[in-house]
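J.: Using only what follows, build the 3D model:
(3 chains)
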Amino acid sequence: MAAEQTSPEVASTLLRVKGLRKFYEQRRWLSRRRFVVPAVDGVDLAIARGTTLALVGESGSGKSTLARCLVRLEEPTAGEIWYDGKNLLLLSRAELRAIQAHIQLIFQDPAAALNPRLTALEIVVEPLLVQGRGTRRERRERGLALMEQVGLLSQWAERPAAEFSGGQRQRLAIARALALEPRLLILDEALSALDLSVQAQIVNLLLELQVSRGLTYLYITHDLSLVGHLADEMAVMQRGRIVERASAPELLRHPQHAHTRALVAAVPRVEAFTSGQVAP
Amino acid sequence: MRFLAGRLLHGLFLLFGVSVLSFLFVALAPGSFLDEMRLSPQISPETVGALRAQYGLDRPLPVRYARWVRSVLRGELGFSFAYNTPAAPLLRVRARNTLVLTGSATLLAWATAIPIGVWAAARKGRVVDQLTTASATALLAVPDLLLALGLLLLAVRTGWFPTGGMVSLGFEALGFGAKVKDAARHLTLPVVTLVVGTLPVLVKHVRAALIEVLDSAFLRAARGHGIPRRRLLFRYALPAAANPLISLFGFSVGALLSTSLLVEVVMSWPGLGPLLLEAILARDLYLVIGAVMFSTVFLLAGNLLADVLLYANDPRIRTGER
Amino acid sequence: MATHPVHFDLSPPPLHTARLVCSLASGKTLFLAPGFAEAQPGGGCLLHGRPPQAALLRVRDLTVQLATDTGAAIPVVEAVSFDIAAGEAVGILGESGCGKTTTALALLRLLPPGGKIVRGSIEFAGRELVTSGERELEKIRGAEISLIFQEPGIALHPMRRVGDQVGEVIHAHRGWNWKRCREEAATALAQVFSGEISRISEAYPHQLSGGQRQRVLIAQALACRPALVIADEPTASLDATTQAEILALIKDLKLRLGVALLLISHNPAILAGLADRILVMYSGRVVEEGPLERVYRAPLHPYTKGLLASMPRGASESPAAGKGKLPAISGSPPDPARLPPGCPFEPRCPDRLAICTTRGPAEVQPEAARRVWCFKYGG
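T.: Predicted coordinates:
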């Protein structure tokens, strides 16, 4: 299988996943039996450049495992991952390293994803340091510029991460993710732990960045409420498989699959303000 | 059950490994039992040679090891050159004595450490707690040897306690009550030495484990349900804090065993300690290995007990098996 | 449609959930809390959101401080006052750091070490809780006022069976023998679980799913039939579908048992189906209070307006119209250790006035049964 694949249709697709499988094996000591847990069981996905795909599913549906496979935190058991026309699973280490800068992952818990002892600036420039880019001064300048872009004041640059609020930490995580000029951001429940008003601010920031930098997003969540604001396309995952996929407004308005309908129905709604009418 | 079988198997492998290693170490160590004899001008080299052959000291190591294993399986546990008898009876008696000492010390140490630790944790930060921590630290700094000698001094000066041995002369003649009293008096000082030596570590760990649990969400939730304080402490906090403490228990058995060897020597308690020392000095090979093996068995038994307790205490470990 | 109100007058009002049997012309029998219902002709009942009863819980000027590691005292709750009547459901809406959880903990005197109630009064059924001793409080906690903690994953003892843990609560308050407690625990679990509960009762917490654990917490809270249940973010860390189930369960239990409910959440949509009245908290203070529907339809305080506007449209009545920005309140909540002298919301307020930096606004009642703390309406 060739490591590269080019065609006009592919050129507009930034990420394509084909038949991805990730199985976990459990063995008991001194036993013949093996339990095979299919976390991801044959997933096909494609995300067009500059758009957002929302991957929706409950806990245990395999969506987080899929995200980890995409950034190679886990090795897929089978399948293909095509990024920008290159098969990620066939690349050499050096090539992979270059590509990894393009795909960044933002996690759910901003407190756990950032080293609380490092200062804000140190956190943001860390990827530059790791990849050995630029001089110290250049990194500092870039770090401050990034902080400003995500709405953090430059005078906070020397503050340790522990002193930031949840929303500010998530902004830091985004700034850090942007340091290497990625093309694809994977947001793994990145908004779920945030308060409403902070969520709104971060959503707006993400939308701005998508337009100004031409970013592509994979938004993974179990909560449908924000999908309408962020996503162009939406795919629903259940037990390791994609059960439905369509444009986001279409899917939210007319869900077909039972699981999708359940998820849409489960979003808490501010009803027409009746408190407890009991019909005769 | 599978869990237990696995642990036992593990233990057996360990015993095997220990036996091989200790055999190697002692056999390869410079000098042998017959060295003194060799140096003595009165014994002819031929006699020494004959003795060597008789004891099998001229055979290659693996052969000697195999012979020893066979002797173990026969129940003789090898042969003591110095005492000129099979090693088993000697070892058994001494092992029993060590078990008595170490067992009592372990029980007493834990029985004291838990209440003190709980008490200190429940009053964290207050004067009582700070005093406890300070005294524990101070005690930790005192070497066991010093402690042993100090207590011996006390015994000599005051005459309240005997200065050595397990029983007095004429023990057999005493009535049952008097026998118990006599044995207890002899047991006191060595046990106290061991207990005072390990207590600080145990208290600190019990306190720390409990403090961590007292801060946890389920305890606050239980408090929120109005569960009374005492019940909270003993039915909620202690079982949750037990996990690290059970592991510590396994470790403490090992620590107490090694300390007890030293204390036995200093306080003339007829256990494995003095026997081991004697045997090493005399290069009494099989006695040394026998003593080491017994100690290892005790250690493994302690750890096995800890494993079983852990299994019994924490359902997450039990169902983690599935 | 004309209604014929039927009032049930009980004096003194009962402390615990009143079980009034209302037999209607249609032959239906309903259990009602006092003042909660109006009979309608032809059978059926109109349940009111606000029963006109004496307050079950009366909180006045509650002020709580927490001590930091350095020893400094930070005001976390400032001059909070509200009432909860028997059978009423009150919601506290606010984001992280607004003091809602601390308020809930303070009600039961469960503040973490370093937390202190500096002033105020908490009157529950005629008793003053701020000055009550630990023994008295132990009797109230779990039996008269129950608290459902935030995270079901860690709020249960990991090494004890779930049925036992419910039984413990009953045992602590009823003093029955264990067997009876376990039976009663089974009844409590049956209220929240459908189907075979013996399997659940024998299970350990780590063997249950998040939703099941949350149900167990609810069962524990209701086991001794308290008059007031405080639920702190009852659906945090749960999946969307599980969340909907739990909310439906709470709603159902509230209607059936008539307990008073204090529901705490950062999400207005969660409070919508459950609370009759809400308090909006910001930076340790109550900034607005009123009947839920009125506050949601016509919010008075700029923070409430901003918060409701930033709700994702997927959660509101019409499904999302498409990708696009959300109206958001700019800035972040103030650091409680460094509060400005005036209104805490002033730096972010689109409607700020000059007076807003000078002092905190006083309570104003612009309409009946609504209170707001904002200079726009006076104060």
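
J.: mind listing the strands in chain A by residue range?
T.: A:13-27, A:34-48, A:52-56, A:78-83, A:86-87, A:103-106, A:184-188, A:216-221, A:233-238, A:241-247, A:277-278 (DSSP state E).

J.: Name the single longest helix found in chain B.
T.: helix B:176-214 (DSSP state H).

J.: Look up the residues forming beta bridges with the closest residue to residue A:57 other than its chain neighbours.
T.: Take residue A:57 and drop its neighbours on the chain: the residue closest to it by C-beta to C-beta, 6 or more residues apart in numbering or on different chains is residue A:237, 3.6 Å away. (C-beta placed from N, C-alpha, C; glycine too.) With beta bridges defined as DSSP bridges, residue A:237 has these partners: residue A:242.

J.: Quickly note the distance from residue A:237 to residue B:47.
T.: Distance, residue A:237 to residue B:47, using C-beta to C-beta, to the nearest Å: 87 Å.

J.: re the thing from before, ranking the strands of chain A by burial, who's on top?
T.: Counting by mean count of other C-beta atoms under 10 Å in any protein chain shown, strand A:52-56 has the highest mean neighbour count of those, with a mean of 26.

J.: What is the longest helix of chain B packed up against?
T.: Where contact means 3 or more C-beta pairs under 8 Å, 6 or more residues apart in numbering or on different chains; DSSP states H and E, helix B:176-214 is packed against helix B:87-122, helix B:127-140, helix B:144-158, helix B:238-267.

J.: and that helix, how far out from the chain's middle?
T.: Mean-position distance between helix B:176-214 and its chain equals 13 Å (C-alpha atoms, centre = their mean, to the nearest Å).

J.: hmm, who's touching the strand or helix carrying residue C:147?
T.: Assigned by DSSP states H and E, residue C:147 belongs to strand C:145-148. Here strand C:145-148 makes contact (C-beta atoms under 8 Å, 6 or more residues apart in numbering or on different chains) with B:221, B:224-225, C:57, C:104-105, C:107-108, C:110, C:124, C:141, C:217-218, C:220-222, C:224, C:226-232, C:234.

J.: for the record, mean pLDDT for it?
T.: Mean per-residue pLDDT for strand C:145-148: 94.

J.: helices and strands of chain B: which one bottoms out on pLDDT?
T.: None of the helices or strands of chain B scores lower by mean pLDDT, DSSP states H and E than helix B:35-39, at a mean of 72.

J.: The closest residue to residue C:239 other than its chain neighbours: how many residues sit nearby?
T.: Excluding the flanking residues, the one nearest residue C:239 by C-beta to C-beta, 6+ apart is residue A:58, at 4.5 Å. Burial of residue A:58 is recorded as 20 neighbouring residues (other C-beta atoms under 10 Å in any protein chain shown).

J.: So which residues on the stretch 101-250 of chain A come close to chain B?
T.: Within the stretch 101-250 of chain A, no position is adjacent to chain B by C-beta under 8 Å from any C-beta of the partner chain.

J.: low-confidence ranges in the stretch 101-250 of chain A?
T.: By pLDDT under 70, the stretch 101-250 of chain A contains no weakly predicted segment.

J.: before we move on, back to that, among the contacts of strand C:145-148, name the buried ones.
T.: B:221, B:224-225, C:57, C:104-105, C:107-108, C:110, C:124, C:141, C:217-218, C:220-222, C:224, C:226-232, C:234 (16 or more other C-beta atoms under 10 Å in any protein chain shown).

J.: residues touching the residue in the stretch 101-250 of chain B positioned nearest to chain A, list them.
T.: Per C-beta to the nearest C-beta, the residue of the stretch 101-250 of chain B with the smallest distance to chain A is residue B:217, at 16.6 Å. By C-beta under 8 Å, 6+ apart, the contact set of residue B:217 is C:149, C:151, C:154, C:155.
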